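>>> okay, structure incoming, though there's no sequence with it:
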């Protein structure tokens with residue numbers, strides 16, 4: 001799974017076309033997943049990574065499970081994360097109180113607090 005190869009094979013060859021494409025969010029989510037796989041591979045005990053989706057459509061891109069602790073992670077291809085981008089994280093954290101933190105990974109440059117237990121971090125800080 002290589003997001004850069006997928007972008008190239010999709011016929012996208014420049015940053016502007018990529019950012020304007022309807023697939024940009026999915027490519028970004030794949031990039032975040034790869035970084036999470038590498039980071040969790042370095043941790044002991046190794047956390048497991050899951051996707052969370054309910055039958056009603058509530059969704060969190062990634063849930064890291066390490067022992068009895070959970071970390072909810074959402075990937076958003078935006079340079080300006082908003083409070084409304086955290087709705088899925090908030091719902092998950094309410095349903096699973098063992099969640100220690102929510103993280104919104106975005107395409108920006110600053111760490112931002114979006115909620116009392118949710119922080120937005122630039123994707124570049126994952127690697």
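Good, I have the coordinates. The structure displayed is predicted, hence computed values, not measured ones. Numbering: from 1, shown residues only.

>>> pick out the residue closest to the middle of the chain.
residue 75 (2.8 Å; Cα atoms, centre = their mean).

>>> okay, buried residues for the helix or strand in which that one is found please.
Per DSSP states H and E, residue 75 falls inside strand 69-76. Using 16 or more other Cβ atoms under 10 Å as the test for burial, strand 69-76 gives 70-76. C-betas here are computed from N, CA, C, even on glycine.

>>> cool, and stretch 41-60?
47, 49, 52, 60.

>>> nearest to residue 2, of the residues you listed?
Nearest to residue 2, judged by Cβ to Cβ, of those is residue 49 at 17.7 Å.

>>> so that closest one sits in a strand?
Yes. Under DSSP: H, G, I helix; E, B strand; the rest coil, residue 49 sits within a strand.

>>> who's it bridged to?
residue 64 (DSSP bridges).

>>> list the contacts for it?
33, 36-37, 40, 62-65 (Cβ atoms under 8 Å, 6 or more residues apart in numbering).

>>> report the separation between it and residue 9.
Going from residue 49 to residue 9 by Cβ to Cβ, to the nearest Å gives 25 Å.

>>> not counting stretch 3-18 itself, show me its contacts.
21, 23-24, 27-28, 30-31, 34.

>>> tell me the mean pLDDT for stretch 89-105?
For stretch 89-105, the mean per-residue pLDDT is 97.

>>> can you list contacts of it?
Contacts of stretch 89-105 (Cβ under 8 Å, 6+ apart): 32, 52, 58, 60, 63, 68-76, 81, 85-86, 114-115, 117-123, 126.

>>> among the contacts of stretch 3-18, name the ones in helices.
Among those, the members falling in helices (DSSP state H) are 24, 27-28, 30-31, 34.

>>> which one of the residues you listed has the most neighbours?
Neighbour counts for the ones in helices among the contacts of stretch 3-18 (other Cβ atoms under 10 Å) peak at residue 31, which has 23 neighbours.

>>> so who does that residue touch?
With Cβ under 8 Å, 6+ apart as the criterion, the residues that contact residue 31 are 3, 123.

>>> recalculate using a threshold of 6 Å.
residue 3 (Cβ atoms under 6 Å, 6 or more residues apart in numbering).
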